[in-house]
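*Asks:* Structure for the following, please:
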Amino acid sequence: MSEILLDIRNLSVSVRESQYKKNILSKVNLQVKGQNILGLVGGSGSGKTTIGLSILRLLAPALKTEEGVILFKGNDLLKLSRKDMCPIRGKEISMVFQEPLYAFNPVFRVGDQIEEVLIYHEQMKRKERKGYVLNLLEKVGIPDPKRAMQSYSHQLSGGLRQRAMIAQAIAANPNLIIADEPTSNLDVTRQAQIMDLFRRLKTQLKLSILLVTHDLGMVKHLADEIAVIKDGTVVEQGETRQVFNRPSHLYTCKLLEALS
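*Replies:* Numbers count the residues shown, from 1 in each chain. Next comes the predicted model:
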């Protein structure tokens, strides 16, 4: 049985502006096991992305963590200083964002931006870094990695940009990747290719992946476990087959009915 890598307990997050307050997450409990893919499923505005940003301590200033703990390898990330979080972001936990066109800086080459991860987290000489980036782009299935290295983000197709961002996410060999709607802007063929890539990288690199998505079909074929979130609360978590065959919450049943 896999050990628990990430353990979120009673996490509550609210938005505060002047006298206005609204709960975004309410006592969220969530676990990601080592070398597992957990699919976090819910509708728009359910709080999926907020969970991912909470893990990396990247919430907007208007959002406040009211209570809870986020245990990563037994350490509460919410108690760490900003300085102590820096070695964790990118090195131990990384994120694949929904739209790589905006995640990459448009004025720098893609290869240079991937190399930045290595400059910050790894002790490598310049020539070694260049070769490593080239190997990363090959590993994620980019057919012409040298051209991709020298390209700006807008010069790559959506599928290639997504692969380049995955290369950036795995550059420092993290234990956990948070993938936020990683295929929502791709066509069906490229969605399937990215799913296969995640599955392969999980095995090769012994990764854990928190897959944030509204796509139950993707979760069914990719995730080891599924967690269902509704209105800021996780209402169900279990093995994917078990949840699909015997859902315990009414909201999960409705989601599955919509899929069929």
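*Asks:* Enumerate every residue touching the residue nearest the centre of the chain.
*Replies:* The C-alpha lying nearest the average C-alpha coordinate of the chain belongs to Ile178 (CA atoms, centre = their mean; 1.5 Å). Counting by CB atoms under 8 Å, 6 or more residues apart in numbering, Ile178 touches 52, 55-56, 93-96, 209-210, 212. The C-beta positions use only the backbone N, C-alpha and C, and glycine is treated the same way.
*Asks:* ok, now Ser44?
*Replies:* Ser44 touches His214, counting by CB under 8 Å, 6+ apart.
*Asks:* Tell me the buried residues in stretch 152-163?
*Replies:* 153, 156, 159-163 (16 or more other CB atoms under 10 Å).
*Asks:* try stretch 122-132
*Replies:* Here stretch 122-132 shows 129-130, 132 as buried, counting by 16+ other CB under 10 Å.
*Asks:* List of residues touching that stretch?
*Replies:* 111, 115, 118-119, 149, 171-172.
*Asks:* ranges for the helices of the stretch 1-150 of the chain?
*Replies:* 48-55, 82-85, 100-103, 110-121, 126-139, 145-150 (DSSP state H, counting those that start in this stretch).
*Asks:* following the last one, which helix or strand shows up next?
*Replies:* Sequence-wise, the next helix or strand downstream of helix 145-150 (DSSP states H and E) is helix 158-170.
*Asks:* Give me the mean pLDDT for that next one.
*Replies:* For helix 158-170, mean pLDDT is 93.
*Asks:* Dump it to PDB, restricted to CA.
*Replies:* Written as PDB, here are the backbone C-alpha positions of helix 158-170 (Å, rounded to 0.1, in the frame of the first residue of the first chain):
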ATOM      1  CA  GLY A 158      -0.900  24.300 -28.100                       C
ATOM      2  CA  GLY A 159       0.100  20.700 -27.800                       C
ATOM      3  CA  LEU A 160       3.900  21.500 -27.900                       C
ATOM      4  CA  ARG A 161       3.500  24.300 -25.400                       C
ATOM      5  CA  GLN A 162       1.800  21.900 -23.000                       C
ATOM      6  CA  ARG A 163       4.500  19.400 -23.400                       C
ATOM      7  CA  ALA A 164       7.200  22.100 -22.900                       C
ATOM      8  CA  MET A 165       5.400  23.200 -19.600                       C
ATOM      9  CA  ILE A 166       5.300  19.600 -18.500                       C
ATOM     10  CA  ALA A 167       9.100  19.400 -19.200                       C
ATOM     11  CA  GLN A 168       9.500  22.500 -17.000                       C
ATOM     12  CA  ALA A 169       7.500  20.900 -14.300                       C
ATOM     13  CA  ILE A 170       9.600  17.700 -14.200                       C
END
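*Asks:* contact partners of that helix?
*Replies:* Residues contacting helix 158-170 (CB under 8 Å, 6+ apart): 94-97, 100-101, 103-104, 110, 113-114, 117, 133, 136-137, 139-142, 148, 153, 156, 177, 182-183, 185-186, 190, 193-194, 197-198, 201, 205, 207.
*Asks:* what angle sits between that helix and helix 110-121?
*Replies:* 10 degrees (axes from the mean of the first three to the mean of the last three CA atoms, to 10 degrees).
*Asks:* which residue sits closest to Phe108, ignoring its sequence neighbours?
*Replies:* Counting by CB to CB, 6 or more residues apart in numbering, Tyr152 is the residue found nearest to Phe108 once chain neighbours are left out, at 7.5 Å.
*Asks:* does the one you found really touch Val110, like I thought?
*Replies:* Yes: with contacts counted by CB atoms under 8 Å, Tyr152 reaches Val110, the gap being 6.9 Å.
*Asks:* next one: stretch 51-66 to chain centre, how far?
*Replies:* 14 Å (CA atoms, centre = their mean, to the nearest Å).
*Asks:* same question for stretch 3-21, mean pLDDT?
*Replies:* The model assigns stretch 3-21 a mean pLDDT of 89.
*Asks:* Kindly export it (C-alpha atoms) in CSV.
*Replies:* Written as CSV, here are the backbone C-alpha positions of stretch 3-21 (Å, rounded to 0.1, in the frame of the first residue of the first chain):
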residue,chain,number,x,y,z
GLU,A,3,2.3,5.9,1.7
ILE,A,4,0.5,9.2,1.9
LEU,A,5,2.6,11.9,0.3
LEU,A,6,0.1,14.8,0.7
ASP,A,7,-2.4,15.0,3.4
ILE,A,8,-4.8,18.0,3.5
ARG,A,9,-6.9,18.2,6.7
ASN,A,10,-9.8,20.6,7.4
LEU,A,11,-8.6,23.2,5.0
SER,A,12,-10.8,26.3,4.9
VAL,A,13,-10.1,29.3,2.6
SER,A,14,-12.2,32.5,2.4
VAL,A,15,-12.2,35.6,0.3
ARG,A,16,-12.3,38.9,2.2
GLU,A,17,-12.9,42.3,0.8
SER,A,18,-13.8,45.1,3.3
GLN,A,19,-16.8,43.7,5.2
TYR,A,20,-17.5,41.0,2.6
LYS,A,21,-16.5,37.4,3.4
